[in-house]
Structure formats: C-alpha cells, structure tokens
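**Student:** model the structure of this input:
(2 chains, ligands or ions: 1)
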Amino acid sequence: MAKSIEDMRKSRRALASYDYDQAEVEKGYTGKTLYINISDNTIKSKNVTEQMKDIFIGGKGFGLWYLWNGVKPETRWNDPENEIVISSGPIGGITQYPGSGKSLVVTLSPLTNSVMDSNVGGFFGPYLKFSGWDALEIQGKAEKDIVIFIDGDKGKITIEEVDIDPTASHLVSEQLTELLAENEKDKKNISIVSSGSGGENTNIGILNFSFYDLRRKVARMKQAGRGGIGTVFRDKKIAALAVKFSNLSGRSNNPADPSKIAKTGVKITREINKFDDEQFRMRQIGTANLMTPMNDYDLLPVHNFKYGSHPDAAGLSSDTLRDRFTQNMPDGCWVGCALSCCKAVDNFELKTGPFKGEKVLVDGPEYENAAGLGANCGIFDANYVIEANFYCDTYGIDTISTGTIIAFAMECYENGIINKEITGGLELTFGNADAAMELIHQMGQGKGFGKIASQGVRRMKKIFAEEYDADPAFLQDIGMENKGLEYSQYQAKESLAQQGGYAMTNKGPQHDEAWLIFMDMVNNQLPTFEKKAEALHYFPMFRTWFGLQGLCKLPWNDIVPEGNAQTDSPEKIPEHVQNYVDIFNAVTGKKIDQDEMIRQSERVYNFQRIFNLRLGFGTREHDASPYRALGPVTEEEYESRSERYDKQLKEDLGIDPTEMSITDKIKEMRKYREGRYETLMDVVYERRGWTKNGIPKLEKIKELGIDFPEVVDVVKKNL
Amino acid sequence: MIEVNGKQVEWEEGITVEKLLKKMNYTFPKIVVRVDGKVIEKSDWEEHHIPDQSVVQAHHLIAGG
Ligand code: SF4
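**Tutor:** Residues are numbered from 1 along each chain as shown, chains lettered A, B, ... in the order given. You can find the predicted model right below:
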C-alpha cells in the first residue's frame, strides 16, 4: 500500500490516455459508449445505434448486446475476451424520482460459466453517463494491476499503474476518492469501483460501487454482488475504476419533458413521506424490515434452508437491527431517493481480522446479510452479522453466496461429510459464530478450508463427493445452488411459484426476477398452475425493466399508494407501473404504454435466455431445483413440520399418513412436489412462448423482433 | 365454515376480523381484508363480525425482495 496519498500521486504512471469531447446527454442518452481493451490499452468511442436503443434500451440490455458481440460460444469467464460492461440506462441519473441511479453490470460468471447481471447503487453509472458515456465496456487482461480513470470534467481517460493495495475495498474507495478530490466537497463528485482480495481468492468476488457521504465524511459502498463479477474484475488485474463528474444538476439527464418527471416525483415523494412509517419503514430500517415477518411466517432460512423460523430469531429481529443503525436521518444511494433505505452502523469496533480494534463504518446490514450470514447459519447475533457484513464487503465477497456456502458447509460438517481434519480445525456447527467468522477470513484471504468454500456450493459438492466419499445425491439435495449460483435468502418450500421464481431464471436463484411467496403461499392468489405461470411471466418481465433503465426496484412496491387495495391487481401496484411508463416517455420523448413496457423486457429477457443457450446452458435441465428448495429432505426436517406435511399428504395427495413410516412419507411427498414442479415448468414455458425444453420458439423471437441471423442460428441448433 | 384466502377455516361464534387474523397468525402490519368482497378498514377490524359462510381475503401487501 502507498504510504500516503502523496506517494500514491507520485506513483501514477499512465499506460494510455484518451482525450474526448464529452457528448451531451439528449433525452437520457449520450449516444456514445466507451470501449477499453486492457490487453493492448486501446481506448475508443463507439456509437449507440437506434436499433440498440429500440431493442436493448440500455443498462443490462446494452451490456448483454456488447457481451454477445465480444465473446464466442467457447469463451470462459477468465478468457481475455470476456467483458465487464457497466451501464445505467436512459432513466438512470434523474434526481426527481426515487431510485433512479442504478448501474447494471454484465459479464460471464466464474460460478455459472454463463451470463451474469447485477444491479447496483452508488454514483458510478450516472456519473459515467454524464461524463459522456452510455456504457463502459472493458475487455482484455492487464499484465499488472491498473486503475482506469474517467475524468468527465476534463474529457480525459487514462489507464494507469498506481501504487495502491487492492485487497481492502473500503480503503481503495477511500484512498482514490482522496487522491482525486480537490477538497472535501469535491469528494461527492467521485465514484470508485473496486473489489478486494476476495475477488482474487474466490469465485464469489463482488464489485463495490462508492458514493461519498458528506455528513459522515466517508466513501460508502453498494455492491454488485451476485455471480463473481469481482472475480472477473481482479482476474483482469483491474484494481479500480474511478469516475469524476462535478456538474450534476436536476437537468443533467436532459429529459424531453422535465415537468412531467418533476410532477410524478413529487407525487411519490408525498406518498413516501405520508405512508412509509406505517408501511414498510424503509427509511428507518431498510430491507431489514423483513426479518421479523419472515420469521413469523416460517420463511426465514434457518440451518441451510431446513427451516423457516427459529426461537432465537429475536436476536436479529427488525427492531434489534434498527437499534444498531446509528444514523438518524434517511439516506439514499443516489441523489433524490426519498425512500432512502441505506443504513449504516457507525464506529463499529472490529473484534477480528486484519482491521481488529479499528472503528469502522459498516453499510447495512440488509435483510439478505442478516438472513444469510446469520439465521441460515444458525447465528442470531447482531454483532456477528455486522462484523461479517463489513469483512465480506471489504474483502469483496458476496454476502448472499457466503451465507449459503457456510450454511451448506455446516450441514455437511454436522453430517460427518467433512470434519475438523478437513476444515483445518474449524468446528463448523450451526451457530458457531467464531468458526464462521474465521471461515470468512480464510475465504477473503485465500487460506485453509476457505480455499474450498470460496469455490461455491456447486464445486464444493463435487469435491466432497470425489475426495471425501460423500453421497452425491444427498449433496445435490441440500446444496442450495441452481446454475452454479447460490440461493438468496428465502424459504421457498411452501410456495411452488417461488420455487419457479428461483430456478426458472436466466442467471440463477436470485429473487430479483420474481418474489411471489406471499402472493402464492399466504394470500393464495395463484391457486392454479396457469395463474402461477402468468405471475412467472409478468413479474420477471416487469422486473427486468428496472435493469434496462437504471432503476431500483424498491420504490415500485416498498411503498404503496392510497387506493391501491381497490385496484384490480394490487400486487402490481398499477399506479407506480404507470409512473414508470410516464417517466420513460418523459425522459426519452417516446410514447410507450404498459404493454410495450413488458415487450421491452421480453426482448431482452429472451435474448439473455438465448445467450445462455449459445454458451451451452439455457435449457430445461438447467432450471432444475435442488430438492431442499422444494420440500423436506431429511427426517428432522419433516418431523419439525410434521403436522403441516401430514395434512398435505391427506388433503392434497389423498394418502392417510397414520400408519406410514417417515421414510415413506418423505418419499410420497417428494414424488408429489417434484411432479408439481415439472408441471409448472411445462406451463411456464408455454406461457413464455418456449418449447418444452425451455427454448424460445422461432415465432416468439420473430414476434419480438430479435430474430437476428446469429440469434436464429443459435435457436435452430438447439431445437 | 368460512373461507380464508381460499382455505376452509372453522367459523366461531362472535369472530371478528381482528380475532380471525390472530387465529391465522397473520401478524404482518399491512394486510388488506375483504369480507365477501368488501374492504374492511383497519379501524373497524375489532368490531367487524364475520358471518358464517363468509369468503374472506386477507391479502398481505408485502414487497419482499
Ligand atoms: S430505495 Fe434504497 S437501494 Fe433503492 S435507490 Fe433508494 S436508497 Fe438506493
């Protein structure tokens, strides 16, 4: 690490530079994207075509299109031609409507070997656009660690070697912000993207996107967490990306109809001010508001998704976590976000690891961190969750995958599949916070058993079966991954629709395509296969749209407008859907309606499915679910909810369980649940316009207008 | 019997919306209750009696992930 910022400044050595005239933003687009090849230090500008805007819109759509053109079917995640593409989207960067500053990152993943996308806050995406670029496309691999600087004020890009230690992401953000800022106020004009040592040592590396908090005087970070994007970043030897843009204003995105945006923004901001405290308390607690209801409704993952609640859950309840957040005013990850769900614990004294004894700021913990690192590992201790959250972020490893990996390792340990000899002395029993913390350090630093755990659940299963004689079928049942990506933190056993929402997906079991648990399991609004399939069509398409625009999902349904209950489909929040259509039209000057909104997503969603196909995935077999997500695998699991399961055997299957052995009950239940999952797959594929093998039909891609010759080719080869 | 979110539930003499939600363990703060299609405001839950044979919807407006 450089001794001081001054040393760092002196160490800067430009390998390449590029001067450019900053393109004006016109109706949400600059019309230019930035291509950088770090193998040969090429920097060039590309034009955004009308076709790109019409079909791929922006954000994840642009990312997928560039990646498709950049890689071949045989490209793997660590080949130089793999790309990392970052793009916000046409709406991204407006400041009048909450949740409008997201960046979308797309790459080939080391976990799934297929396409990965992640939606992240922080200032990078909007500042990139206002610096003149609708997207940043990075290809190649550098020889030594580099930093890419984008100076949107001066119109200059440099690829540089800088004496900076890339292993601790919070320090990288802090130091580079300090390096680039002319004074304290100037720091808010800077955003840094970095990973950390976890990006070097694991397959679950993340990207941290910074935003400067002027009140706390610290560069805070939001995470592009899923699928190992940070691993690709560090494999390319990128230490960091930095952007500087100083002239942000409410007009920076230069929309077609600013007054419409302002009016729509005022309306929802009023709703938030009026109802948030009585609804989801996003401003007080953020997503951690879910901890208590999830436990109450038996949906909180406990002990590697065996159970849905725990008697000690109060240790991580919504209010317990709220009491730990030291902020006393709402806080957003982009300018103007009135929903302001960002939370932080200030001056938290670390008890372990390389920063032991230091007082740090910890962003979060959010629901997924508390549920995954805590409850799912049987650890109901807020201090542990906060410390684990800090280290995951600064090492640059995904908290969601980390939670699911440790929980899986714990279940394997408790079943004698692995032991102290294999774990290097770690007693990985559920609830053992010290062992879990040590494992996080090992993963982040590439040491000991951490080297195995950091490969992800799919590879752990293979290692445990091949080297430790474990039963592969049991590992398949309890290893919570699909497509190679670890499950996010919801118990889906009693919601068939959510089982599909997890596994019948493009990138794997992140819940960002569909979250249907309450609609399905509690409200019983989806009683038939057809209704579930309709939801598994509509919601993934609707939610894909956020990623095309640079939007956050939360202000869509984490605040509910007055009169929503009286609408035909309250779960869709129709008024907010119309807000989004209005804003899109007001930014771009186009005239879409709610149907066209879904079509926009459908084009990109199907394109992504075909992209998976092109890489050797994207068919029915890849949408299979581990049985743990569908039903009870073990006797203890069945017995823990035997009343529920026995009732289901009787009422749903017409079987009298009274005289049955528990083994037979589990067997019958499994046959039933797996059968339903297969039927659901048939009905969902049909609704999406796919074949029984999950491949988009030729007429579907034609109808969507994505029937480019190379796309048709891929589909034809697989039909 | 009454139907609650599509499932048959034993009717009890004097059962109100509030008591039904308790019986069902529906603790979530944002639930929209309809009895035979009519929305019952939260302020009326304590008083509102549910007749036998009613169809009740208790829709949880939970945003989730
Ligand atoms: S709701 Fe939260 S995550 Fe979404 S933009 Fe606002 S502050 Fe960021």
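**Student:** for residue 37, what are its contacts?
**Tutor:** Just going to use chain A. A:138-140 (CB atoms under 8 Å, 6 or more residues apart in numbering or on different chains). C-betas here are computed from N, CA, C, even on glycine.
**Student:** I was thinking of chain B, sorry if that wasn't clear
**Tutor:** So residue B:37 contacts residue B:55 (CB under 8 Å, 6+ apart).
**Student:** one more pass at 10 Å, please.
**Tutor:** Residues in contact with residue B:37 (CB atoms under 10 Å, 6 or more residues apart in numbering or on different chains) are B:55, B:57.
**Student:** how near is it to the ligand?
**Tutor:** 34 Å (CB to the nearest ligand atom, to the nearest Å).
**Student:** same check, this time on residue A:521
**Tutor:** Here residue A:521 is placed at a distance of 25 Å from the ligand (CB to the nearest ligand atom).
**Student:** before we move on, what about residue A:410?
**Tutor:** Relative to the ligand, and taking CB to the nearest ligand atom, residue A:410 is found at 30 Å.
**Student:** who's in contact with that residue?
**Tutor:** A:303-304, A:376-379, A:418, A:426-432, A:435-436, A:439.
**Student:** and what of residue A:322?
**Tutor:** A:281, A:284-286, A:288-289, A:291, A:343.
**Student:** and chain B, which residues reach chain A?
**Tutor:** Proximity of chain B to chain A is confined to B:3-8, B:24-34, B:39, B:42, B:57-65 under the rule CB under 10 Å from any CB of the partner chain.
**Student:** mind checking which of those residues are in strands?
**Tutor:** Those of those mapping onto strands are B:3-4, B:7-8, B:31-34, B:39, B:57-60, per DSSP state E.
**Student:** identify the farthest-apart pair in those residues.
**Tutor:** Using CB to CB, those span at most 22.4 Å, a distance reached by B:8 and B:39.
**Student:** between those two, tell me which one has more neighbours.
**Tutor:** Using other CB atoms under 10 Å in any protein chain shown as the criterion, residue B:8 and residue B:39 rank with residue B:39 on top: 13 against 10.
**Student:** residue contacts, the closest residue to the more buried one other than its chain neighbours?
**Tutor:** Among residues not flanking residue B:39 along the chain, residue A:565 sits closest, at 6.0 Å (CB to CB, 6 or more residues apart in numbering or on different chains). For residue A:565, the contacting residues are B:30-34, B:39, B:59, B:61, by CB under 10 Å, 6+ apart.
**Student:** redo that, cut-off 8 Å
**Tutor:** Taking CB under 8 Å, 6+ apart as the test, what residue A:565 contacts is B:32, B:39, B:59, B:61.
**Student:** hmm, the third one is touching residue A:524, no?
**Tutor:** So the one you mean is residue B:59. No. In this structure, residue B:59 is not within contact of residue A:524 by CB atoms under 8 Å, at 9.4 Å.
**Student:** skip ahead from the helix ranked longest in chain A and say which helix or strand is next.
**Tutor:** Assignment by DSSP state H gives helix A:662-688 as the longest helix of chain A. On the C-terminal side of helix A:662-688, the nearest following helix or strand under DSSP states H and E is helix A:698-704.
**Student:** thinking again about what came up before, pLDDT averaged over the longest helix of chain A - what is it?
**Tutor:** What helix A:662-688 shows for mean pLDDT is 98.
**Student:** in it, what counts as buried?
**Tutor:** A:662, A:665-666, A:668-670, A:672-673, A:676-677, A:680-681, A:683-685, A:687-688 (16 or more other CB atoms under 10 Å in any protein chain shown).
**Student:** same check on stretch A:463-471?
**Tutor:** A:463-465, A:470.
**Student:** quick one: contacts for residue 14?
**Tutor:** You didn't say which chain, so I picked chain A. Contacts of residue A:14 (CB under 8 Å, 6+ apart): A:158-160.
**Student:** sorry, should have said chain B
**Tutor:** residue B:49.
**Student:** can you classify residue A:141 by secondary structure?
**Tutor:** coil (DSSP: H, G, I helix; E, B strand; the rest coil).
**Student:** ok, residue A:517 touching residue A:492?
**Tutor:** Yes. Counting by CB under 8 Å, residue A:517 does reach residue A:492; the two are 6.8 Å apart.
**Student:** list residues touching both of those two?
**Tutor:** residue A:498.
**Student:** who has more neighbours out of these two?
**Tutor:** Comparing residue A:517 with residue A:492 by other CB under 10 Å, the one with more neighbours is residue A:492, at 29 against 26.
**Student:** hang on, that one packs against residue A:498?
**Tutor:** Yes. With contact defined as CB under 8 Å, residue A:492 and residue A:498 form a contacting pair (4.3 Å).
**Student:** if we can go back for a sec, what about the contacts of residue A:322, which one has the most neighbours?
**Tutor:** Most crowded among these, counting by other CB under 10 Å, is residue A:288 at 30 neighbours.
**Student:** give the contact list for that one.
**Tutor:** Applying CB under 8 Å, 6+ apart, the residues near residue A:288 are A:318, A:321-322, A:343, A:365-367, A:370.
**Student:** give me that answer again for 7 Å
**Tutor:** By CB atoms under 7 Å, 6 or more residues apart in numbering or on different chains, the residues touching residue A:288 are A:318, A:321, A:365-367, A:370.
**Student:** which one of these is nearest to residue A:102?
**Tutor:** Relative to residue A:102, and with distances defined as CB to CB, the nearest of these is residue A:366, at 15.4 Å.
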